[in-house]
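S.K.: Pasting the sequence and the predicted model now:
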Amino acid sequence: MKLSVIIPAHNEASLIERVISDIAGELSGEKIDAEIVVVDDNSDDGTHDIVSAIAALDERIRLVKRVPPRGFGRAIRDGLEKATGDAVVVAMGDASDDPADITRYFRKIEEGYDCVFGSRFMKGSAVMDYPAVKLLLNRAANLFLRCIFWTSHNDLTNAFKAYRREVIDAIKPIESLYFNVTIEMPLKALIRGYKIAVVPVKWHGRESGVTKLKIADMGRRYLYTALYLWLQRVLVMDDINERASL
């Protein structure tokens with residue numbers, strides 16, 4: 001089984017070399033057949049040149065250069081189109097995710113799970129340097145999603161997740177252009193009833209660079225995506241109930 005690690009990156013020159021090196025080293029040590037697909041989302045700080053130089057020395061590293069307009073969701077979509085693995089993991093380019101957790105995800109996929117959702121808020125997890133305001137908003141958003149989707153998953157907004165290729169194909173088209181893609185993908189998988197494993201993960205706040213998430217802009221996009229998918233869930237459940245009654 002081959003794994004594709006997709007890393008969307010916009011102006012991550014200060015961190016991207018370390019991120020790639022750490023992930024590549026973890027996958028090599030675990031003898032996982034893998035590729036690392038770095039999607040340069042219109043960077044203007046040298047990110048492209050850094051990744052290009054690394055890719056020239058390591059055939060496992062692939063660089064996807066996007067054209068404007070930029071957007072986290074657009075970068076994820078382009079990465080998914082270019083990925084060739086049987087399973088994919090979306091990891092951040094800011095070094096917030098622990099490469100060892102990528103291995104844990106992959107092993108769960110090998111066990112037969114369709115998706116693996118990491119949680120930063122369960123026994124065994126670790127969260128370091130999470131800004132207080134963002135943490136509060138995160139917990140509020142996840143509580144809202146848990147209530148309207150009747151689910152126990154408590155970290156749906158975290159982009160760092162794993163999916164089998166067939167799950168990615170089934171949830172297309174992926175419509176989100178921005179960070180709301182982080183809830184569109186797992187919620188679509190949840191609605192469709194895929195077998196999901198949940199594992200505790202380690203997360204570290206950004207050490208350098210600037211966060212790309214604009215809270216004020218994203219609120220309405222998250223809400224729209226959540227409500228649109230809630231309606232989709234209602235329609236799916238109605239269809240299931242109708243078939244059961246026949």
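M.R.: Great, that's in hand. Numbers count the residues shown, from 1 in each chain.
S.K.: Name the SS class of the residue most central in space within the chain, please.
M.R.: The centroid of the chain falls nearest to A159 when counting by C-alpha atoms, centre = their mean (3.1 Å). Remark: A159 carries the secondary structure label coil [criterion: DSSP: H, G, I helix; E, B strand; the rest coil].
S.K.: And for A56?
M.R.: Per three-state DSSP, A56 ends up helix.
S.K.: For the protein, which segments count as strands?
M.R.: 3-9, 34-40, 61-65, 87-90, 115-119, 126-128, 161-164, 196-200, 202-204 (DSSP state E).
S.K.: Excluding sequence neighbours, find me the nearest residue to R60.
M.R.: E35 (5.3 Å; C-beta to C-beta, 6 or more residues apart in numbering). Every C-beta, even on glycine, is put in place using the N, C-alpha and C of the backbone.
S.K.: And Y224, how far from W230?
M.R.: 11 Å (C-beta to C-beta, to the nearest Å).
S.K.: Who has more neighbours out of these two?
M.R.: Legend: neighbour count by other C-beta atoms under 10 Å for Y224 and W230, higher for W230 (15 against 12).
S.K.: Thought I148 was touching that one, still the case?
M.R.: Yes - in this structure, W230 is within contact of I148 by C-beta atoms under 8 Å, at 5.2 Å.
S.K.: what touches both of those two?
M.R.: Residues touching both W230 and I148 by C-beta atoms under 8 Å, 6 or more residues apart in numbering: none at all.
S.K.: quick one, what contacts the nearest residue to I23 once chain neighbours are set aside?
M.R.: Of all residues not flanking I23 in the chain, P99 sits nearest, at 4.7 Å (C-beta to C-beta, 6+ apart). P99 is in contact with 22-23, 25-27, counting by C-beta under 8 Å, 6+ apart.
S.K.: Of those - the most surrounded one?
M.R.: Going by other C-beta under 10 Å, I23 tops these with 25 neighbours.
S.K.: Would you confirm that that one contacts V5?
M.R.: Yes - at 5.9 Å, I23 and V5 qualify as touching, with contact defined as C-beta under 8 Å.
S.K.: shared neighbours, these two?
M.R.: 36, 91, 102.
S.K.: So which of those residues is the closest to R66?
M.R.: I36 (16.4 Å; C-beta to C-beta).
S.K.: count of neighbours near K31?
M.R.: So K31, with other C-beta under 10 Å, has 7 neighbours.
S.K.: so how far is G118 from it?
M.R.: 22 Å.
S.K.: Same question for H204.
M.R.: 13 Å.
S.K.: who's more crowded, those two?
M.R.: G118 (26 against 15).
S.K.: I figured that one hits K202, correct?
M.R.: No - counting by C-beta under 8 Å, G118 stays clear of K202, with 9.0 Å between them.
S.K.: Touching both of those two, which residues are there?
M.R.: D101.
S.K.: Give me the pLDDT value at G219.
M.R.: Looking at G219, its pLDDT is 78.
S.K.: Switch the contacts of P99 over to JSON lines; also include pLDDT.
M.R.: JSON lines is the format used below for those (pLDDT from 0 to 100):
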{"residue": "D22", "pLDDT": "98"}
{"residue": "I23", "pLDDT": "98"}
{"residue": "G25", "pLDDT": "98"}
{"residue": "E26", "pLDDT": "98"}
{"residue": "L27", "pLDDT": "98"}
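S.K.: need the residues you listed in a markdown table with distance to N154, can you?
M.R.: What follows is the contacts of P99, written out as a markdown table (distance: C-beta to C-beta, whole Å):
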| residue | distance to N154 |
| --- | --- |
| D22 | 26 |
| I23 | 25 |
| G25 | 30 |
| E26 | 26 |
| L27 | 28 |
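S.K.: Tell me which entries of those residues lie within helices.
M.R.: Of those, the ones assigned to helices by DSSP state H are 22-23, 25-27.
S.K.: ok, so of those, who is nearest K195?
M.R.: L27 (23.7 Å).
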